[in-house]
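J.: I'd like to go over a predicted model; first the sequence, then the structure.
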Amino acid sequence: MRKQNLISVLALSCLGTLTINAQKKSPNVVLILMDDMGYGDLSCYGAVQYKTPNMDKMANEGMRFSNFLVAQSVSTASRAGLLTGCYPNRIGMSGVLFPNSNKGLNPSETTIAEMFKQKGYNTAIFGKWHLGDNKEFMPLQHGFDEYFGLPYSNDMWPLDYLGQQLAPNSFFSNLVPLSLISGNEKVSEIKTMEDQSHLTGLYTDHAIQFIKKNKNKPFFLYIPHSMPHTPIAASDKFKGKSGAGVYGDVMMEIDWSVGEILKTLKELRLDKNTLVIVTSDNGPWKNFGNWAGSSGGLREAKMTVFEGGQRVPCIMKWKGTITEGEICNKLSSTIDFLPTLAAICDLKMPENKIDGVDITDLLKGKEGANPRKYFYYYYDNNSLKAVRRDNWKLVLPHNSLSTEMDIPGMDGHAGKTTYIDFPLALYNLREDPAERYDVQKNYPEIIEELQKVAKMAREDLGDHLTGIKGKNRRPAGIINK
């Protein structure tokens, strides 16, 4: 009897040791980023006509964010902010880069991947980079062990959005076919819409192989999809299957991709030790009409500082750690990923100043947690166009394009966009998330407070509109050609 008791005690002791070791094991992180997926593009966020069952299931098994903002509402700047935890204009990366630019993400900036490398993680990116296409700025030089994908957006080729040759005087007519890069080298070219239709599957295959290869090692996997950014194309397996046109087919395939990755993690018994994040780089490109996504009733779209441009879906799942079925309505952003992952994975933070905040308490569902109080809405050429405190948003006078003044295009043809002057306006986003009712006359004290927030932003980060340079900006990477 004593022998049996001793065996039981030893067994319990071993079980306890295993549990402690499992808890101490470095968690994996999978970050999936869509391109131009709008706030209303997932069925769990209100999408109609097509379904996204895998991402809906992920939301039911994790946390869905309802007030989540990107760093800036355009590709390059948004991705720079996500990977560095900084407002893009702090690091000289506002706007969008075009092929063969001499500019890119400065090697002195610390990316999420470099942060993970300090702790021995294996790191990979499969998809769109868009932070400089010169070798000095490419992923392997910014902390990633593996890279496969496009160096910039899938429309930066000498063809139109239907895959047809552009007129000789067109803006992109002198560009070369899209390069598909592996590591630092071009391995093939994307020359047709048929080639484009295989991108989602290729990224997914590479991601799954990476997970399998690293099942016994900690890893950080970044999957920035090229779509649903126009031009869009689905593979034969999904073409015509959604019942909602090409855009629905593309979203259906992207949802399949997320499902395959989640299934792989579960089959390898990695799901309890892996945080999976799904989000988008900015709002939809609405002037493409039925070939673009939905802002879910929010105002405007990408390339604006209104909520339709910067508020996007975000879902986080971590089995056994994040409570299932949670909805977080607190203000948070892609720039918060870096400090949050540092806290979760016990990583050393960058020495340079960042703008992100640790949102771990939100993931834990801690009552009263509200780590992000302010947010600055910057856009092109370092222009401050809005500031926010909780649900109060002050839109500053500025000139910007609008997708709501003209009828959108159809079937791959872009509609017209108009630049207009937006006046000073105050919005209560709790009551008016669509930013339709200016309430500044009712709340002069809020105007005064948010003007002080704007002044604070300008002193720190500068503002082209007022000519203030800012005290704490850092340069982008530049090479002399």
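T.: Good, I have the coordinates.
J.: D411 is in contact with W291, isn't it?
T.: Yes - here D411 lies in contact with W291, judged by Cβ atoms under 8 Å, at a distance of 6.6 Å. C-beta here means a position set from N, CA and C on the backbone, and glycine is covered the same way.
J.: between the two, who's got more neighbours?
T.: Using other Cβ atoms under 10 Å, the more surrounded residue of D411 and W291 is W291, with 24 against 12.
J.: how about the strands of the stretch 1-150 of the chain, start to end?
T.: 28-34, 63-65, 68-69, 103-104, 122-126, 146-149 (DSSP state E, counting those that start in this stretch).
J.: who's in contact with the fourth one?
T.: Contact with strand 103-104 is made by 92, 97, 131-134, 136-137, 476-479, as judged by Cβ atoms under 8 Å, 6 or more residues apart in numbering.
J.: Whichever of these end up buried, select them in ChimeraX.
T.: This is how ChimeraX selects the buried members of those, with burial counted by 16 or more other Cβ atoms under 10 Å:
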select :92,97,131,132,133,134,137,476,477
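J.: Next, give me the two most distant ones among the contacts of strand 103-104.
T.: G92 and D133 (16.6 Å; Cβ to Cβ).
J.: which secondary element of the chain has the worst mean pLDDT?
T.: Using mean pLDDT, DSSP states H and E, the weakest-scoring helix or strand in the chain turns out to be helix 2-24, at a mean of 39.
J.: The protein: helices as residue ranges?
T.: Remark: helices assigned in the chain by DSSP state H are 2-24, 53-60, 75-84, 112-117, 193-197, 199-213, 245-267, 307-310, 337-345, 360-363, 444-461.
J.: quick one, which of the strands of the stretch 1-150 of the chain is nearest to N169?
T.: Ranked by Cβ to Cβ, the member of those that lies closest to N169 is strand 103-104, at 25.5 Å.
J.: Model confidence for the closest residue in space to I190 that isn't next to it in sequence, exactly?
T.: Nearest non-adjacent residue to I190, counting by Cβ to Cβ, 6 or more residues apart in numbering: L178, 3.8 Å away. Per-residue pLDDT puts L178 at 97.
J.: cool, and the one 5 residues further on?
T.: Predicted confidence (pLDDT) for G183: 98.
J.: and it, how far is that from G149?
T.: The gap separating G183 from G149 is 11 Å, by Cβ to Cβ, to the nearest Å.
J.: These two: who's more crowded?
T.: Using other Cβ under 10 Å as the criterion, G183 and G149 rank with G149 on top: 23 against 14.
J.: Low-confidence ranges, the chain, go.
T.: 1-24, 481 (pLDDT under 70).
J.: can I see the domain layout of it?
T.: Taking automatic domain parsing as the reference, the chain has its domains at 25-373, 375-478.
J.: so of these, which one's packed in deepest?
T.: Ranked by mean neighbour count, these are led by domain 25-373 with a mean of 21 (mean count of other Cβ atoms under 10 Å).
J.: Got the phi and psi for the closest residue in space to P151 that isn't next to it in sequence?
T.: The shortest distance from P151 to any non-neighbouring residue, by Cβ to Cβ, 6+ apart, is to D133 (3.9 Å). In terms of degrees, to the nearest 10, the main-chain angles of D133 are phi -100, psi 0.
J.: My guess is D133 contacts L105. True?
T.: No - if you go by Cβ under 8 Å, D133 and L105 don't touch, sitting 11.2 Å apart.
J.: tell me the contacts of the residue nearest to S188 when sequence neighbours are not counted?
T.: In this structure, S188 finds its nearest non-sequential neighbour in L180, 4.7 Å apart by Cβ to Cβ, 6+ apart. L180 is in contact with 148-150, 186-190, counting by Cβ under 8 Å, 6+ apart.
J.: now, among those residues, which is nearest to H229?
T.: Ranked by distance to H229 (Cβ to Cβ), the contacts of L180 are led by L150 at 10.4 Å.
J.: wait, that closest one sits on P177?
T.: No - L150 is beyond contact range of P177, at 10.9 Å (criterion: Cβ under 8 Å).
J.: The residue lying closest to S333 once chain neighbours are set aside and Y121, how far apart?
T.: With Cβ to Cβ, 6+ apart as the criterion, S333 has its nearest non-adjacent residue at 4.6 Å, and that residue is L69. Relative to Y121, L69 is positioned 27 Å away (Cβ to Cβ).
J.: Report the contact partners of the closest residue to L461 other than its chain neighbours.
T.: Excluding its sequence neighbours, the residue lying closest to L461 (Cβ to Cβ, 6+ apart) is G470, at 4.6 Å. Taking Cβ under 8 Å, 6+ apart, we find G470 in contact with 382, 458-463.
J.: Can you name the two of these that sit furthest apart?
T.: Farthest pair in those, by Cβ to Cβ: N382 and E459, 13.4 Å.
J.: measure stretch 115-135 end to end?
T.: Distance between the two ends of stretch 115-135: 21 Å, counting by Cα to Cα, to the nearest Å.
J.: ah, wrong one, I meant stretch 377-396
T.: Terminal residues of stretch 377-396 are spaced 10 Å apart (Cα to Cα).
J.: Kindly report the same for stretch 114-121.
T.: End-to-end distance for stretch 114-121: 9 Å, by Cα to Cα.
J.: what's it in contact with?
T.: Under Cβ under 8 Å, 6+ apart, the answer for stretch 114-121 is 26, 29, 123, 142-143, 217-220, 338, 341-342, 345-350.
J.: Please apply the same query to stretch 341-354.
T.: By Cβ under 8 Å, 6+ apart, stretch 341-354 touches 26-27, 29, 84-86, 90, 108-110, 112, 115-116, 118-119, 275, 335, 338-339, 358, 360, 472, 474.
J.: Which residue ranges of the stretch 251-400 of the chain form strands?
T.: Under DSSP E, counting those that start in this stretch, the stretch 251-400 of the chain gives strands at 274-280, 314-317, 326-328, 332-333, 374-379, 383-389, 392-395, 398-402.
J.: Parallel or antiparallel, which strands does the first one pair with?
T.: Read that as strand 274-280. Strand 274-280 pairs in its sheet with strand 28-34 (parallel), strand 314-317 (antiparallel), by DSSP bridges.
J.: and the first one, how far from the chain's centre?
T.: Centroid separation between strand 28-34 and its chain, computed with Cα atoms, centre = their mean, to the nearest Å, is 9 Å.
J.: what comes into contact with it?
T.: So strand 28-34 is in contact with 41, 79, 82, 112, 116, 127, 207, 211, 218-225, 227-228, 254, 257-258, 261, 265, 270, 273-281, 337, 341, 345, going by Cβ under 8 Å, 6+ apart.
J.: Now do the contacts for the nearest residue to Y437 once chain neighbours are set aside.
T.: Here the nearest residue to Y437 in space, its sequence neighbours aside, is Y427; by Cβ to Cβ, 6+ apart that works out to 7.1 Å. By Cβ under 8 Å, 6+ apart, the contact set of Y427 is 392-393, 395, 435, 437-439.
J.: Could you dump these into TSV with distance to S242 added?
T.: Compiled in TSV, these are given as follows (distance: Cβ to Cβ, whole Å):
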residue	distance to S242
W392	39
K393	34
V395	36
E435	30
Y437	36
D438	39
V439	40
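J.: Out of those, flag the one nearest to F65.
T.: F65 lies nearest to K393 out of those, by Cβ to Cβ, at 17.2 Å.
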